[in-house]
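Novice: My questions concern the predicted model and sequence given below.
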Amino acid sequence: MCKSVFINLTKLIFIFSLLLQCSNVVGQEKIGDWYYQCSKNEKANVTVCNIFQNTSRKEDNAQLLNVRIFKDAKSNKLVFIATVPLGTLLPPGLVLQADEVELFKMAYAACTKSGCVTAPIEIVDTQIQKLETAKNAQLLIATIDRKVVGMPISLNGFKDALGKL
């Protein structure tokens, strides 16, 4: 059971990343601190829409965090994926908090030159409601030297952006 779930999640990440890489952006809108974007893959004749937020380091504009939420085409459920910087300690995974309450833990699926990507996780209604009403949110990650670091996620525009999906 666990092995098949992991394989399915890995396939989902792979397919989602391929669709985005081989796609043309057909629409993007900024909503608060979030972006709503749709990309069309002409070969597969598929359009994938998601909301996302990037956080960059001010000194050199290097991306520190990318969070994405999209609707799974088969299940019609919302799925969350995050990319965090290289140098992250992988075994503990990461935690999403809203108003300092843990919503869920995530495992990492793979690391690439752009960072470490989590396995996608389904977001249930109670977690969505908490994010929509929270004052703040953050991802907790562990660094190689085992320090826990909170990476803030702005919720400005989150509810309206999510409503577009």
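Specialist: Nice, thanks for sending it over.

Novice: Just checking: what are the partner strands of the longest strand anywhere in the chain?
Specialist: Assignment by DSSP state E gives strand 46-56 as the longest strand of the chain. Taking DSSP bridges as the criterion, strand 46-56 forms sheet pairs with strand 34-41 (antiparallel), strand 63-71 (antiparallel).

Novice: For the ones you listed, which has the smallest mean pLDDT value?
Specialist: Mean pLDDT is lowest for strand 34-41 among the strands paired with strand 46-56, at a mean of 89.

Novice: in that one, what's buried?
Specialist: 34-41 (16 or more other C-beta atoms under 10 Å). All C-beta spots, glycine's among them, are computed from the backbone N, C-alpha and C.

Novice: same question, stretch 92-99
Specialist: Buried, per 16+ other C-beta under 10 Å, within stretch 92-99: 93-98.

Novice: tell me the least confident of these?
Specialist: Minimum pLDDT for the buried residues of stretch 92-99 is recorded at residue 93 (92).

Novice: Can you verify my assumption that that residue contacts residue 106?
Specialist: Yes. Counting by C-beta atoms under 8 Å, residue 106 is a contact partner of residue 93 at 5.4 Å.

Novice: any residues in contact with both of these two?
Specialist: Listed contacts common to residue 93 and residue 106 are residue 118; contacts here mean C-beta atoms under 8 Å, 6 or more residues apart in numbering.

Novice: got any ranges where the protein has weak pLDDT?
Specialist: Where the chain drops to pLDDT under 70, the residues are 1-23.

Novice: How about the secondary structure of the residue lying farthest from the centre of it?
Specialist: Taking C-alpha atoms, centre = their mean, the residue of the chain most remote from its mean C-alpha position is residue 43, at 25.0 Å. Secondary structure assignment for residue 43 (DSSP: H, G, I helix; E, B strand; the rest coil): coil.

Novice: of all the strands paired with strand 46-56, which lies closest to residue 145?
Specialist: For the strands paired with strand 46-56, proximity to residue 145 was assessed by C-beta to C-beta; strand 63-71 is nearest, at 17.1 Å.
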